[in-house]
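Trainee: Got a predicted structure here, sequence first:
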Amino acid sequence: MPKVNLNLTEVPIREKRLGSITGFAGTAGDLVNCSNSGCLKDGTRSFSQCMGCSSGNAFCQLSMIQDAAMVNHAPVGCAGDFFGFNFVYRVGQMERNLPPAIGRYFNTNIEEMDTVFGALSKLEKTIRLAYDRVKPNAIFVTTSCASGIIGEDVESVTDRMTKELGIPVVNCVCEGFRSKIWTSGFDAAYHSIVRKIVKPPQKRTNKVNIINFWGSDVFSKLLGRLGYEANYVVPFSTVSQLETISESAATIQICPTLGTYMGAALEQVYGVPEIKAPMAYGIAGTDAWMRELGRVLDREDEIEEIIREEKAAVLPKLEEYRAKLTGTTCYLTAGSAHGHALIALLRELGIEVQGAAIFHHDPIYDNENTAADMLDHAVKTYGDIKGYNVCNKQAYELVNILNRVRPDLMIARHGGMTLWGAKLGIPTLLIGDEHFSWGYQGLLNYAERILETLDNREFVTNLAKHSSMPYTKWWLEQDPYTFLGGNTHVEAY
């Protein structure tokens, strides 16, 4: 059954659309079996320390469209992370040799009286202000808990302002309380783009959409050899580029956690085929992904030649790294699909993955194709992972587990999680570029950085000696899943 309905103002959240969860403790194999058998249930925590906000995830994608403006219909406190998005936007411009520009971000400053009498007049004024100041080619309006609670009819305002200003003014429904799955914000952003920006195709081009965050360019060379052009979306696209992504030859998503909805939407609505395969992490995953790319683009012979060339260049050095890393223990914390991919990569390098704290779990993606299930691929290819924890960034669980397993290395995808390993004296590696570990060369890239991290442990050793933990001995002696009920399949460590 198709998952995409562009007639809806808001995309259904992942809990309802995909059956996604944030609470589980067991083995990776347990989780795969529960997902495949349809018996997966979300564990509930009686104590929650923090939670990601889907509004921020929607904003992080839409805010980096080069010629669009953002209006955050929210209290001014919700604009507190604008500086962070602007920093990433400026750095990305430099990396891409784009002319420097600051982000075009506005906030409606909903106050107490507005929650009683409504704030639609503020929204209209802010949209006009954004248009007058920066003359964008589109304006996106992101909603908030405050605007959602008081039932603001944002869609009526955006429709009216679209006619008045002559540019798309697009409602993005992404209130933080709508979903416990923070990645529902990505879906909200992409729903608004496909619904109001993307136009029906007039032709087919040789472009291949790549749904990514803001990583380095690793696809232009590969696709160029195949006679295609890399088209990165959404960050650093223009509105006109987004209008024509329906004309592309295919869609690649570097992470189904990020792109599951847009990949499926482009295929189901506009017939743009999505590459459905394990992510290209590790030898087996890269083999499968490359061959699926060749099949979809009708370049199977060329792909086989590229696979032979790249393996010949990588495998000898890979064996050297495996000899150095075999027996090393590691604990991993990351978002869902990227975390699954890193499990495969680490196991490929001979590293023992002692456990993982993964921020949520999608039992199926919007394309409903099981071939793209990276966790299933990792378990079948490399074996089970004990101590697999699905948790929405609950640091208290992570610290408790790290204190028990004491791995040689910790790898984190999100910066706010790295300090916990470091404060325990565990060498900790954070790599923000999601393309750094992509493909055959990505194995060597990661191996080099892991060895550098293990060889330079003096900083974390000293940090552990001179820092304190906010968690007491009482908690560190508890079962790490004390507050997680309903979906645990393991005994205490």
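Mentor: Done, it's in.
Trainee: Quick check: the gap between K16 and K3.
Mentor: 11 Å (C-beta to C-beta, to the nearest Å). For the C-beta atoms, the positions are set from N, CA and C on the backbone; glycine is no exception.
Trainee: So the two - more neighbours on which side?
Mentor: K3 (19 against 10; other C-beta atoms under 10 Å).
Trainee: Pull the number of nearby residues for the nearest residue to the more buried one once chain neighbours are set aside.
Mentor: Leaving aside its chain neighbours, K3 sits nearest to D366 (4.3 Å; criterion: C-beta to C-beta, 6 or more residues apart in numbering). For D366, the count of nearby residues is 25 (other C-beta under 10 Å).
Trainee: For D366, give me its contacts.
Mentor: D366 sits next to K3, V4, R17, L18, T260, Y261, G263, A264, A265 when contact means C-beta atoms under 8 Å, 6 or more residues apart in numbering.
Trainee: Return the member of those residues nearest to N400.
Mentor: Distance to N400 across the contacts of D366 (C-beta to C-beta) is lowest for L18, with 28.9 Å.
Trainee: so what's the closest one up against?
Mentor: Under the criterion of C-beta under 8 Å, 6+ apart, the contact list for L18 reads K3, T260, D362, P363, I364, Y365, D366.
Trainee: for the record, mean pLDDT for stretch 276-283?
Mentor: Mean pLDDT, stretch 276-283: 96.
Trainee: quick one: the residue lying closest to Q253 once chain neighbours are set aside from F213, how far?
Mentor: Using C-beta to C-beta, 6+ apart and skipping the chain neighbours, the partner closest in space to Q253 is G259 (3.1 Å). The gap separating G259 from F213 is 10 Å, by C-beta to C-beta.
Trainee: ok, now C53?
Mentor: 17 Å.
Trainee: again, but for L318
Mentor: Separation of L318 from F213 (C-beta to C-beta): 26 Å.
Trainee: higher neighbour count, these two?
Mentor: F213 (22 against 19).
Trainee: Dihedrals phi and psi, the more buried one?
Mentor: The phi and psi torsions at F213 (degrees, to the nearest 10) take the values phi -80, psi -90.
Trainee: now stretch 284-292, how far from the centre of its chain.
Mentor: In terms of C-alpha atoms, centre = their mean, to the nearest Å, the centre of stretch 284-292 is found 21 Å from the chain centre.
Trainee: Check which residues of that stretch are buried.
Mentor: Judged by neighbour count using 16 or more other C-beta atoms under 10 Å, the buried positions of stretch 284-292 are A284, G285, T286, D287, A288, W289, M290, E292.
Trainee: could I get those residues as JSON lines with secondary structure and distance to L398?
Mentor: Converted to JSON lines, the buried residues of stretch 284-292 look like this (DSSP: H, G, I helix; E, B strand; the rest coil; distance: C-beta to C-beta, whole Å):
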{"residue": "A284", "secondary structure": "helix", "distance to L398": "29"}
{"residue": "G285", "secondary structure": "helix", "distance to L398": "26"}
{"residue": "T286", "secondary structure": "helix", "distance to L398": "29"}
{"residue": "D287", "secondary structure": "helix", "distance to L398": "33"}
{"residue": "A288", "secondary structure": "helix", "distance to L398": "31"}
{"residue": "W289", "secondary structure": "helix", "distance to L398": "30"}
{"residue": "M290", "secondary structure": "helix", "distance to L398": "34"}
{"residue": "E292", "secondary structure": "helix", "distance to L398": "34"}
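Trainee: Looking at the residues you listed, which one is closest to T428?
Mentor: G285 (24.5 Å).
Trainee: do you know how far the closest one is from N445?
Mentor: Taking C-beta to C-beta, one finds G285 at 15 Å from N445.
Trainee: now do I351
Mentor: According to C-beta to C-beta, I351 and N445 sit 15 Å apart.
Trainee: ok, those two, which is more surrounded?
Mentor: Ranked by neighbour count (other C-beta under 10 Å), I351 and N445 place I351 first, with 25 against 17.
Trainee: Isn't that one up against L325?
Mentor: Yes: using C-beta atoms under 8 Å, I351 is in contact with L325, at 5.5 Å.
Trainee: so what sits against both of these two?
Mentor: I450.
Trainee: In terms of helices and strands, where is the residue positioned nearest the centre of the chain?
Mentor: Closest residue to the average C-alpha location of the chain: L258 at 4.0 Å, with C-alpha atoms, centre = their mean. Element membership for L258, per DSSP states H and E: helix 256-270.
Trainee: same thing with K163?
Mentor: helix 154-165.
Trainee: from the chain's centre, how far out does that helix sit?
Mentor: That offset, for helix 154-165, works out to 30 Å (C-alpha atoms, centre = their mean).
Trainee: switch to numbering from 44
Mentor: Yep, numbering from 44; the last one is helix 197-208 now.
Trainee: For it, buried residues please.
Mentor: Buried residues in helix 197-208, counted by 16+ other C-beta under 10 Å: V197, V200, T201, M204, T205, L208.
Trainee: Partner strands of the helix or strand following that helix and their direction?
Mentor: Counting by DSSP H and E, the element after helix 197-208 in chain order, helix or strand, is strand 212-215. Counting by DSSP bridges, the strands paired with strand 212-215 are strand 181-185 (parallel).
Trainee: Quick one: mean pLDDT over the strand it pairs with.
Mentor: Strand 181-185 comes out at a mean pLDDT of 98.
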